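Engineer: this one's sequence-less:
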């Protein structure tokens, strides 16, 4: 699970190139597979969009960044619900402002889903986050994803066979045939060996492998679209936030949205006095608060979350 501080600030240093992101299989497991949350794939799978009010914590410069990327395909991590303690403690360190947005929901979960971003702005979540339960920061797919798990393993076996020219025998791991028995380790080795080539060769090989990866993932998602649609959107529909005190579960949810517009900006108690003579910030209307609990209540009322 991410720390609250890392949840608040998604800066450039936390973005990854596709050549790093899609070949990173630290555990050599299907749980490491990155599932793309790009709007193009989502729209092809489920054309009917869910559009909703959500909230996003940021700082002054972040408000201007939201202004620049609104109405675009770039996605951000937002929330329906956050405890006032975390609203205030987070705001005291990195935030100060809560942007109220209306956007298209790509995925929604009652916990922090640990989504990550590539350097083009596309967001991903791991298969582990799809599979594991709410108390582990996931969507709780569990046994319902057994078919998708088999499909992903088969997909990577095909990819490894197609790109096995990039696998080299190893004195410890054995022959190419031996290495291919673990398709996820083999795929990681393929990425490492492509990366060692000259830029022109490296760029072409990566572009082909990444294209085949993304096409393969979309086919797997399409085959399993019924169960995935339920996992991606049930929380957005029922909006029931389940917090269990004795379990390692965050006290905020995660709603990934794009094509959003900024409706207004809420200025929290620590910063309200600085804006007492202002009606807007970066062109957006503002609301000021002298008690963080009032903001928490406003958010719950607006998103209609049930806690």
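Structural biologist: Right, received. Where do you want to start? The structure displayed is predicted, hence computed values, not measured ones. Numbering: from 1, shown residues only.

Engineer: what is the mean pLDDT for the longest helix along the chain?
Structural biologist: Longest among the helix segments of the chain by residue count, using DSSP state H, is helix 199-223. The pLDDT scores in helix 199-223 average 94.

Engineer: what does that helix rub up against?
Structural biologist: 18-19, 22, 33, 35-36, 41, 44-45, 147-148, 151-152, 155, 158-159, 162-163, 166, 190-191, 194-197, 228 (C-beta atoms under 8 Å, 6 or more residues apart in numbering). C-beta: built from backbone N, CA, C; applies to glycine.

Engineer: From residue 192, how far off is residue 70?
Structural biologist: Distance from residue 70 to residue 192, counting by C-beta to C-beta, to the nearest Å: 38 Å.

Engineer: neighbour-wise, which of these two wins?
Structural biologist: residue 70 (19 against 11; other C-beta atoms under 10 Å).

Engineer: Same question for the longest helix of the chain: list its buried residues.
Structural biologist: Neighbour-count burial for helix 199-223, counted by 16 or more other C-beta atoms under 10 Å, picks out 205-206, 209-210, 213-214, 216-218, 220-221.

Engineer: same question, stretch 99-117
Structural biologist: Applying 16+ other C-beta under 10 Å to stretch 99-117 flags 99-101, 103-117 as buried.

Engineer: low pLDDT regions in the stretch 151-300 of the chain?
Structural biologist: Counting by pLDDT under 70, the low-confidence segments of the stretch 151-300 of the chain come to 242-250.

Engineer: Which residue ranges of it form helices?
Structural biologist: Along the stretch 151-300 of the chain, counting by DSSP state H, counting those that start in this stretch, helices occupy 176-179, 183-195, 199-223, 225-238, 269-272, 292-303.

Engineer: now the third one against helix 225-238, angle please.
Structural biologist: Using axes from the mean of the first three to the mean of the last three C-alpha atoms, to 10 degrees, one finds that helix 199-223 and helix 225-238 are set 80 degrees apart in direction.

Engineer: So residue 79 is in contact with residue 53, correct?
Structural biologist: No. Applying C-beta atoms under 8 Å, one finds residue 79 not in contact with residue 53, separated by 11.0 Å.

Engineer: and these two? which has more neighbours close in?
Structural biologist: residue 79 (24 against 18).

Engineer: now the strands for the protein?
Structural biologist: 15-16, 34-36, 51-58, 76-78, 97-109, 116-118, 123-126, 254-267, 280-281, 284-288 (DSSP state E).

Engineer: tell me, what residue is most central in the protein?
Structural biologist: The residue lying closest to the centre of the chain (C-alpha atoms, centre = their mean) is residue 115, at 2.5 Å.

Engineer: quick one: that one from residue 21, how far?
Structural biologist: 12 Å.

Engineer: Find residues that contact each of those two.
Structural biologist: Shared contacts of residue 115 and residue 21, counting by C-beta under 8 Å, 6+ apart, come down to residue 124.
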